[in-house]
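> sequence first, then the predicted structure, then my questions.
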Amino acid sequence: MEKRKFWVFQRGDPKEETILRLDGPIAKESWFGDEVTPALFLSELESHPGDMTVWINSPGGDVFAASQIYTMLMDHKGKITVKIEGIAASAASVIAMAGGEVLMSPSSMMMIHNPETSAYGWKDEMEKALDILDEVKESIINAYELKTGLSRHKISRLMDDETWMNAKKAKELGFCDRLLFTGDDEEEEADEEAQEGMAFAARKMMSTVLNKISADAVLAKKEEEAGSDEKADNLEETGTKYKELTKRLELLRH
């Protein structure tokens, strides 16, 4: 019986980039311990060289299947762009980390949590299962850390809490680079221009203040040298003598 695939490769024009769609549970029927399914996925991937956009809508599934797909995509020679259209939860979020750029629909979600399994047997066997889960968690953290730049402790806490992220939250934490359909690029460029404008305004204001202080200092020095009692009284009333102004000027410049 033909195996039911959760992936579809699409490419109309050979000159266009390939579309890979991952829909539904990852390896719903079989993957781990099965040489056929991973080999089939890899053969199809290798037959589509070049840039690729991976659309993900999956609640997760087999962590080992996700790990292998993640590795295959990371090793792919073309650029990998991931777009999350509905949900990338659990194991599917690991696959999403293979994107050189990860984009999420404004209405999509991402979820990360600790790995889980079922086990039975004696105490030693249970303890071994716990050790395996700890190591699986560390391997997942490796992928998240590489993409987000977050500390391992931070990622571990997020997984402990079973963290659900909307697109903006995922972007804030580094799991997502941009939002689809929102013109993020234009907004970021506008923000950068605004910051540059504010920096320029601040520099201009500082320059004006320094020039004003310098002019006041020169005037005060001339008045002191001229021995003008009236001007000296006025300067004393305001507490702005030449030496004080000069001192302030040097502090501002540094």
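Yep, it's here. Residues are numbered from 1 along each chain as shown.
> pLDDT weak spots in the stretch 151-254 of the chain?
Scanning the stretch 151-254 of the chain for pLDDT under 70 picks out 184-254.
> where along the stretch 1-150 of the chain do the strands fall?
In order along the chain, the stretch 1-150 of the chain carries the following strands (DSSP state E, counting those that start in this stretch): 7-10, 18-23, 52-58, 80-89, 101-104, 109-112.
> touching the fifth one from outside, list them.
Strand 101-104 is contacted from outside by 81-84, 96, 110, 147, 167, 170-171, 175-180, using CB atoms under 8 Å, 6 or more residues apart in numbering. C-beta: built from backbone N, CA, C; applies to glycine.
> need the strands of the stretch 1-150 of the chain in a markdown table with mean neighbour count, mean pLDDT and distance to Val136, can you?
Formatted as a markdown table, these follow (neighbours: other CB atoms under 10 Å; pLDDT from 0 to 100; distance: least, CB to CB, whole Å):
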| stretch | mean neighbour count | mean pLDDT | distance to Val136 |
| --- | --- | --- | --- |
| strand 7-10 | 14 | 92 | 22 |
| strand 18-23 | 19 | 95 | 20 |
| strand 52-58 | 21 | 97 | 18 |
| strand 80-89 | 22 | 97 | 16 |
| strand 101-104 | 23 | 98 | 22 |
| strand 109-112 | 21 | 98 | 13 |
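> in TSV: these, plus distance to Ala119.
Formatted as TSV, these follow (distance: least, CB to CB, whole Å):
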stretch	distance to Ala119
strand 7-10	29
strand 18-23	28
strand 52-58	25
strand 80-89	23
strand 101-104	33
strand 109-112	22
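> got the buried residues for stretch 149-167?
Neighbour-count burial for stretch 149-167, with 16 or more other CB atoms under 10 Å as criterion, is recorded at 150, 155-156, 158-159, 163, 165-167.
> then stretch 132-149?
136-137, 140-141, 143-145, 147-148.
> send the alpha carbons of that stretch over as PDB?
The C-alpha coordinates for stretch 132-149 follow below in PDB (Å, rounded to 0.1, in the frame of the first residue of the first chain):
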ATOM      1  CA  ILE A 132      16.400  10.400  26.800                       C
ATOM      2  CA  LEU A 133      13.800  13.100  27.000                       C
ATOM      3  CA  ASP A 134      16.300  15.400  28.500                       C
ATOM      4  CA  GLU A 135      18.700  14.800  25.600                       C
ATOM      5  CA  VAL A 136      16.000  15.200  23.100                       C
ATOM      6  CA  LYS A 137      15.100  18.500  24.700                       C
ATOM      7  CA  GLU A 138      18.700  19.600  24.400                       C
ATOM      8  CA  SER A 139      18.800  18.700  20.700                       C
ATOM      9  CA  ILE A 140      15.700  20.800  20.100                       C
ATOM     10  CA  ILE A 141      17.200  23.700  22.000                       C
ATOM     11  CA  ASN A 142      20.200  23.500  19.700                       C
ATOM     12  CA  ALA A 143      17.900  24.400  16.700                       C
ATOM     13  CA  TYR A 144      16.000  27.100  18.500                       C
ATOM     14  CA  GLU A 145      19.200  28.700  19.800                       C
ATOM     15  CA  LEU A 146      20.800  28.700  16.400                       C
ATOM     16  CA  LYS A 147      17.900  30.600  14.900                       C
ATOM     17  CA  THR A 148      16.900  32.900  17.700                       C
ATOM     18  CA  GLY A 149      20.100  33.700  19.500                       C
END
